[in-house]
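Peer 1: prediction below, plus the sequence it came from.
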Amino acid sequence: MILLIGLLLSATPSGAVAQISGSCPSGNQSALHRVHSFLAEPAWAGERQDLGISVGADRARVLSDAQDPEVCQSLSEKFPDPDEQNRSFYKAGSYYFVIYEWEAQPDGTTNIGGAGFIVLGENLEALRFYVK
């Protein structure tokens, strides 16, 4: 039995378990608010119409490794964030959202990078990128 467990562990790439278990960053209120705004605010009505999005903001949820391991892994590979602090993944209906946040400087005085979000279709194809 111990030999069998050892063989199974040695046959699995050492990073595979870590990649799958930690590929979805945790969500935050700011990012969720941006998804809700896109899905509900009149200012975004034209963009929603262009993309054919009619799902309500109440259907938005953060993706998690527990519920969405394959999607989390795929999005982490397609949209890397070396620090795993500046992006999060959400789903609403059949649409996915990759939300990028501002990155704080080590001294805390200035933000760098850019805030934006990517809207993806049900097959994880990027439909649009918005900077806001």
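Peer 2: Received, thanks.

Peer 1: could you check the pLDDT of residue 110?
Peer 2: Looking at residue 110, its pLDDT is 53.

Peer 1: scratch that, residue 28
Peer 2: In this model, residue 28 is scored at 84, pLDDT.

Peer 1: for burial, what's the neighbour tally of it?
Peer 2: By other CB atoms under 10 Å, 13 other residues sit near residue 28. Any C-beta I mention is one placed from the backbone N, CA and C, and that applies to glycine too.

Peer 1: now residue 26: how far from residue 73?
Peer 2: Applying CB to CB, to the nearest Å, the value for residue 26 to residue 73 is 16 Å.

Peer 1: also residue 130?
Peer 2: Counting by CB to CB - residue 130 and residue 73 are separated by 24 Å.

Peer 1: rewinding a little: residue 26 and residue 73: which is more packed in?
Peer 2: When neighbours are counted by other CB under 10 Å, residue 26 and residue 73 differ, and residue 73 comes out ahead with 18 against 12.

Peer 1: for that one, which non-adjacent residue is closest in space?
Peer 2: Take residue 73 and drop its neighbours on the chain: the residue closest to it by CB to CB, 6 or more residues apart in numbering is residue 23, 4.6 Å away.

Peer 1: number of residues surrounding the one you found?
Peer 2: Using other CB under 10 Å, residue 23 has 21 neighbouring residues.

Peer 1: residue 61 is in contact with residue 89, isn't it?
Peer 2: No: between residue 61 and residue 89 there is no contact under CB atoms under 8 Å: 10.0 Å.

Peer 1: of those two, give the one with the bigger neighbour count.
Peer 2: Neighbours were counted for residue 61 and for residue 89 using other CB under 10 Å; residue 89 has more, 26 against 14.

Peer 1: contacting residues around that one?
Peer 2: Residue 89 makes contact with 24-25, 27, 62-63, 68, 71-72, 75, 96-99, according to CB atoms under 8 Å, 6 or more residues apart in numbering.
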